[in-house]
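1. the sequence and its predicted three-dimensional model are supplied below.
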Amino acid sequence: MIFFLNPRAAKPKNRRFPLSILALAAVVEGREDYAIFDGNIDPDPWESIDRASIDQARRQKPAELLAVTVMPGPQMVAAIPVCRAFRERYPAAPIVWGGYFPSLYTDAALNAKYVDFVVRGQGEETFVELLAALRGKQDFSGIRGLSYKDRFGLHVHNPERPLRSPGDFPWYPYHRLETAKYLLRTFLGSRTAVHQASIGCPFRCNFCGVVPVFDREKMEPPERTAAILGHLKQQYGADAVQFYDNNFFLREDHTAELAERLAPLEMRWWCEGRIDTVLGYSDRTWEKLRRAGSAMIFFGAESGSDEVLRQMNKNLKAEQTLALAARIRQFGIIPEFSFILGNPQDPERDTRRSIEFIRKIKRINPEAEIIVQHYIPTPQRDGMYGGIEGQIQFPATLEEWATERWYNFTTRIDPHLPWLPERIRRRIDDFELVVNSRWPTVQDIYLRRWGRSLLQSLSAWRYALGIYGFPVELEWAHKIVNLRKPRLESL
Ligand code: B12
């Protein structure tokens with residue numbers, strides 16, 4: 001019996017299909033006995049796993065393997081006690097980690113006694129080959145994308161596995177979940193599904209955690225995306241979608257075809273795209289996107305300085321962001337522009353210039369939503385943005401990753417960056433608070449009219465005069481209003 005675990009990662013109102021686990025379940029569906037445990041729903045997944053294993057043991061089908069998906073932050077912290085307990089109770093059953101955390105920090109994951117294998121990057125084929133090797137000759141050396149400990153305990157990292165289109169793998173076994181628990185109300189619709197129509201990203205931005213894990217992109221055919229969403233609509237009543245793709249738009253012909261196929265489904269959707277890509281699209285394609293239900297697009301604008309964009313390897317010019325902010329208005333789609341503030345070379349100047357740039361965007365398109373991030377590095381193959389090698393040492397153990405200092409780093413609550421003076425960090429946070437109060441996000445469906453007015457009236461003078469410091473009254477107002485934070489909570 002295979003046990004899949006999605007450790008707790010989201011608040012109940014942000015709960016969505018655990019796609020990483022569904023992708024793996026899809027390739028064993030019909031061939032293996034398996035069970036899915038989702039910490040986003042189950043308050044004590046360990047207890048449920050243990051109960052299920054005792055039950056299986058009685059039926060002579062003991063726990064064979066625990067497969068865990070792990071993102072940095074709360075999910076990694078939640079994975080640790082479950083894996084420890086599983087190891088203690090079932091010492092012979094291997095534990096496999098996959099997903100962004102172990103793909104980025106493979107050695108730290110393998111340093112734990114309760115992690116035997118790490119599957120780096122795309123997991124479907126690696127997982128199936130690992131299962132076969134575990135049941136057969138126990139030779140793991142030929143399995144691409146796998147890292148493991150040899151018999152001396154040394155870490156072995158096999159070569160990478162070439163990426164395949166998600167369309168090459170079977171549909172997800174949604175029926176194995178209590179689907180009603182995952183289709184929740186968002187600003188997009190009353191039953192919001194999630195889907196990832198492509199994997200990876202072909203760009204090389206040197207601040208991004210995706211690049212070291214997937215260095216190219218493969219899309220599923222538009223026909224399949226539409227068919228899956230049609231199924232989610234018909235079978236489970238989904239009426240909106242959040243696309244999880246790192247880069248939803250690549251080729252214009254693909255986008256146009258996808259839009260045509262999505263239109264009849266009448267679903268509203270959110271996705272992530274690149275400014276330069278969509279700026280090059282014709283009005284015809286934009287019109288198709290609008291008709292297909294595109295409601296909001298998240299764009300990494302990152303900076304208002306061409307020099308900083310160049311340092312980030314972003315392949316973008318600030319003027320393109322301004323052009324898009326203006327153009328997208330005519331199609332009624334809301335852009336969500338994300339910025340990374342605090343260039344390590346000169347964080348003060350960078351913060352000042354980015355704030356000026358964001359103000360410019362707001363003048364051009366007041367509906368544009370703004371996400372303000374601190375620069376939180378992830379390890380990169382070709383050097384991290386900002387030339388910070390040597391200034392930051394990532395933890396070598398899971399226990400250290402789980403400490404408050406690194407938890408706050410990954411969750412971007414309080415990253416403690418050596419190059420970012422405290423007063424600049426405060427300035428970034430203060431500006432974020434003012435701009436988000438002046439224009440409270442439309443994503444917050446629980447925000448009442450009085451709450452919106454309170455935040456807007458308290459922040460209007462600050463924004464108009466550019467006075468962001470010590471916004472105690474806004475901090476106080478946010479405690480009452482509890483505005484949604486797209487930067488931390490996603491939709
Ligand atoms: C959904 C999501 C979330 C959800 C949680 C979902 C859940 N599991 O319950 C929410 C909104 C809560 C969330 C939060 C955060 N997230 Co998040 N999230 C994503 C997102 C958008 C999609 C992941 C997904 O489901 N993809 C679909 C599946 C099919 O793909 P996949 O996960 O890559 O899985 C494949 C492989 O990785 C592998 N695999 C994965 N797991 C396993 C397990 C095993 C055993 C095996 C064999 C293989 C395997 O096989 C799968 C199939 O090929 C990604 C971006 C992205 N598009 O990937 C960011 C992403 C993973 N998140 C990220 C981050 C940083 C966070 C936060 C820490 C940020 C924050 N501000 O707080 C938080 C906190 C995390 C937490 N709470 O633990 C980063 C991670 C990289 C980094 N920068 O460090 C990403 C890449 C976003 C980004 N561009 O930076 N997130």
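-> The structure has been received and is ready for your questions.

2. got any ranges where the chain has weak pLDDT?
-> In the prediction, the chain carries no residues with pLDDT under 70.

3. residues from the chain in reach of the ligand?
-> 6, 9-10, 14, 18-20, 23-24, 40, 67-69, 71-75, 96, 98-100, 119, 122-124, 127, 196, 209-210, 244, 246, 378, 410-412, 488, 490 (C-beta under 6 Å from any ligand atom). Every residue, glycine included, has its C-beta placed from N, CA and C.

4. please redo it, this time with the cut-off set to 5 Å
-> 9-10, 19-20, 23, 67, 69, 71-75, 96, 98-100, 119, 122-123, 127, 196, 209-210, 244, 246, 378, 411-412, 488, 490 (C-beta under 5 Å from any ligand atom).

5. can you list the domains in this protein?
-> Domain assignment for the chain, taken from automatic domain parsing, gives 2-157, 181-489.

6. of all those, which one comes closest to Pro170?
-> domain 2-157 (4.5 Å; C-beta to C-beta).

7. first-to-last residue distance for that closest one?
-> End-to-end span of domain 2-157 (C-alpha to C-alpha, to the nearest Å): 24 Å.

8. who touches the residue nearest the centre of the chain in this structure?
-> The centre of the chain sits closest to Tyr244, judged by C-alpha atoms, centre = their mean, with a distance of 7.1 Å. By C-beta atoms under 8 Å, 6 or more residues apart in numbering, Tyr244 lies in contact with Leu19, Val194, His195, Gln196.

9. and if you look at Ala180?
-> Tyr236.

10. and it, helix, strand or coil?
-> Reducing the assignment at Ala180 to three states with DSSP: H, G, I helix; E, B strand; the rest coil gives helix.

11. quick one on the thing from earlier: could you dump the contacts of Tyr244 to TSV with neighbour count and secondary structure?
-> Output for the contacts of Tyr244, formatted as TSV (neighbours: other C-beta atoms under 10 Å; DSSP: H, G, I helix; E, B strand; the rest coil):
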residue	neighbour count	secondary structure
Leu19	16	helix
Val194	20	strand
His195	22	strand
Gln196	19	coil
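
12. is it fair to say Leu131 lies in a strand?
-> No - assignment of Leu131 by three-state DSSP gives helix, placing it outside any strand.

13. was I right about it contacting Pro94?
-> No - the pair Leu131 and Pro94 does not pass the contact test of C-beta atoms under 8 Å, sitting 9.9 Å apart.

14. pull up the overlap in contacts between these two.
-> Leu65.

15. comparing the two, which residue is more hemmed in?
-> Using other C-beta atoms under 10 Å as the criterion, Leu131 and Pro94 rank with Leu131 on top: 20 against 17.

16. contacting residues around that one?
-> Ile2, Val28, Glu32, Leu65.

17. what about the third one, which SS state?
-> So that's Glu32. coil.

18. so it sits against Ile2, correct?
-> Yes - at 5.7 Å, Glu32 counts as touching Ile2 under the criterion of C-beta under 8 Å.

19. the more surrounded of those two?
-> Comparing Glu32 with Ile2 by other C-beta under 10 Å, the one with more neighbours is Ile2, at 20 against 14.

20. so what pairs up with the more buried one in the strands?
-> Tyr34, Leu65 (DSSP bridges).

21. next, the contact list for it, please.
-> Val28, Glu32, Asp33, Tyr34, Ala35, Glu64, Leu65, Ala67, Leu131.

22. how about a cut-off of 7 Å?
-> Ile2 is in contact with Val28, Glu32, Asp33, Tyr34, Glu64, Leu65, Ala67, counting by C-beta atoms under 7 Å, 6 or more residues apart in numbering.

23. the last one: neighbouring residues, count only.
-> Think Ala67. Neighbours of Ala67 (other C-beta under 10 Å): 26.

24. same question for the first one.
-> Here the neighbour count serves as a burial measure; for Val28 (other C-beta under 10 Å) it reads 19.

25. list the contacts of it.
-> Ile2, Tyr34.

26. roughly how far apart are it and the ligand?
-> For Val28, the distance to the ligand (C-beta to the nearest ligand atom, to the nearest Å) stands at 11 Å.

27. same check on the second one?
-> Glu32 sits 13 Å away from the ligand when distances are taken as C-beta to the nearest ligand atom.

28. so who does that residue touch?
-> Residues near Glu32 by C-beta under 7 Å, 6+ apart: Ile2.

29. tell me which residue in the stretch 301-450 of the chain sits closest to the ligand.
-> The ligand sits closest to Thr411 of the stretch 301-450 of the chain, with a gap of 4.1 Å, by C-beta to the nearest ligand atom.

30. SS state for the residue lying closest to Trp401 once chain neighbours are set aside?
-> Counting by C-beta to C-beta, 6 or more residues apart in numbering, Trp401 lies nearest to Pro395, which is 4.8 Å off, once chain neighbours are set aside. At Pro395, secondary structure determined by three-state DSSP is coil.

31. pretty sure Pro395 sits against Arg405.
-> No - using C-beta atoms under 7 Å, Pro395 is not in contact with Arg405; the gap is 9.1 Å.

32. looking at those two, which is more packed in?
-> Pro395 (16 against 12).

33. show the contacting residues for that one.
-> When contacts are counted by C-beta under 7 Å, 6+ apart, Pro395 touches Ala108, Trp401, Trp406.

34. select from those residues the one having the most neighbours.
-> Among the contacts of Pro395, the one with the most neighbours (other C-beta under 10 Å) is Trp401, at 24 neighbours.

35. wait, what's in contact with that one?
-> Met76, Ala108, Pro395.

36. quick one: which helix or strand includes the first one?
-> What it means is Met76. For Met76, the element it lies in under DSSP states H and E is helix 74-89.

37. can you name the residues in contact with that helix?
-> Residues outside helix 74-89 that contact it (C-beta under 7 Å, 6+ apart) are 5, 7-9, 39, 45-46, 49-50, 66, 68, 70, 95, 101, 113-115, 398, 401-402, 407, 411.

38. just those residues: which are in strands?
-> Of these, the ones assigned to strands by DSSP state E are Leu5, Leu66, Val68, Ile95.

39. please convert these to JSON lines, extending it with distance to Arg449 and neighbour count.
-> Listed next are the ones in strands among the contacts of helix 74-89 as JSON lines, based on distance: C-beta to C-beta, whole Å; neighbours: other C-beta atoms under 10 Å:
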{"residue": "Leu5", "distance to Arg449": "42", "neighbour count": "29"}
{"residue": "Leu66", "distance to Arg449": "48", "neighbour count": "25"}
{"residue": "Val68", "distance to Arg449": "43", "neighbour count": "29"}
{"residue": "Ile95", "distance to Arg449": "50", "neighbour count": "23"}
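
40. put together JSON lines for these, with distance to Glu220 on each row.
-> Converted to JSON lines, these look like this (distance: C-beta to C-beta, whole Å):
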{"residue": "Leu5", "distance to Glu220": "26"}
{"residue": "Leu66", "distance to Glu220": "29"}
{"residue": "Val68", "distance to Glu220": "25"}
{"residue": "Ile95", "distance to Glu220": "30"}
